[in-house]
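A.B. asks: Need coordinates for the below:
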Amino acid sequence: MTDYYDYLFKVVLVGDPGVGKSNLLSRLTRNEFNLESKSTIGVEFATRSITVDGKTVKAQIWDTAGQVRYRAIASAYYRGAVGALLVYDISKHATYVNVMRWLKELRDHADSNIVMMLVGNKSDLEHLRAVPTEEAKSFAAENELLFIETSALDASNVESAFQTTLSDIYRIVSSKLPEQSADYIKGPTSDAPHTKRICQIIKGLTSDAPHTKRICQIIKLKPECVDEYKEVHSNVWPGVLNALRRHHIVDYSINHYPQLNLLIANFKYTGSDFENDMKAIGDDEETQRWWKLTDSMQESFNDGASGSGKEIPWWTDVEEVFRFEGGPSA
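C.D. replies: The predicted model follows:
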């Protein structure tokens, strides 16, 4: 079944460790709560779709680590986010005080039009309340934030928090976007509206001018991971893209051929030392982190392969058999 949606929005959860971000996410997306929930390492995400004004709005919700040692990493994930939930624990005043720090971080890294909601979680701990509702409500109003109190434990207002945030995002985006260009945000990736990128399965690949190197690689994608893989790649980490740029990789794309569960990666290399640049990309910390996330979704044609970046990698290079250097007709 095709996972159809009209709009795809990236939303981030931010706040101190232990305020319940991961349980808010699991309550919303799986209706689960885990008393033994451990601190998130790096970033995790899940998806949830709602209907607004007859349109299917799909949210890709990222649960960012609250620990200080991960915040430099997590800041990269704010880019591209159109919504954020700033979460504090109503029974721990320090987590509420730190909201200002998280708010500054969002404003430093996220889009200036991002929709933000202040969320006082663990409302089930009313007997331990350390943050008065009216105080938090006033803070939210002063900083132009939406406000709600929730309990991931008993599910109170969890649905409402996300529904309200996504509805606000939808109304802002839909009011600014002409109907005819809505496809620009409907899929996981897109070029400028006046261009169209085509991928066709034939053996080989066209190339560019002689001073560049065009690479085509294929890999197997596990059938059960198709949706997750596409969602992850709709928000490729800026750190990974920067690693590619630093080492002369441009015009990178990944396509999926479902009949054979093939992933087809096409990219252009413009440097002069391909082997060393590929090694440098593989050694990059952001690339290693990315591979750790996506390797479990992939398989390989190569005997003895054990993962991306290993001595025998997942991918297989496809030989170029034809080149056409196109241009305007005479």
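
A.B. asks: what about Ser174, neighbour count?
C.D. replies: Per other Cβ atoms under 10 Å, the neighbour tally for Ser174 reads 18. From N, CA and C alone the C-beta is placed, and that goes for glycine too.

A.B. asks: any idea which element it lies in?
C.D. replies: Here Ser174 sits within helix 158-176, counting by DSSP states H and E.

A.B. asks: For Ser174, give me its contacts.
C.D. replies: Tyr7, Asp53, Lys55 (Cβ atoms under 8 Å, 6 or more residues apart in numbering).

A.B. asks: Please tell me which one of those residues counts the most neighbours.
C.D. replies: Busiest of those [other Cβ under 10 Å] is Tyr7, holding 21 neighbours.

A.B. asks: Hmm, Ala59 and that one touching each other?
C.D. replies: No: using Cβ atoms under 8 Å, Tyr7 is not in contact with Ala59; the gap is 9.2 Å.

A.B. asks: can you give me the helices in this structure?
C.D. replies: Counting by DSSP state H, the chain has helices at residues 21-30, 68-74, 93-97, 99-109, 133-142, 158-176, 226-233, 238-246, 274-283, 285-294.

A.B. asks: what's the most buried one of these?
C.D. replies: helix 21-30 (a mean of 21; mean count of other Cβ atoms under 10 Å).

A.B. asks: May I have that helix as PDB, with CA atoms only?
C.D. replies: Extracted in PDB, the C-alpha atoms of helix 21-30 (Å, rounded to 0.1, in the frame of the first residue of the first chain):
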ATOM      1  CA  LYS A  21      10.300  13.500  25.100                       C
ATOM      2  CA  SER A  22      10.800   9.800  24.000                       C
ATOM      3  CA  ASN A  23       7.700   8.700  25.800                       C
ATOM      4  CA  LEU A  24       5.600  11.500  24.200                       C
ATOM      5  CA  LEU A  25       6.800  10.300  20.900                       C
ATOM      6  CA  SER A  26       6.100   6.600  21.600                       C
ATOM      7  CA  ARG A  27       2.700   7.500  23.100                       C
ATOM      8  CA  LEU A  28       1.700   9.400  20.000                       C
ATOM      9  CA  THR A  29       3.000   7.000  17.300                       C
ATOM     10  CA  ARG A  30       2.600   3.600  19.000                       C
END
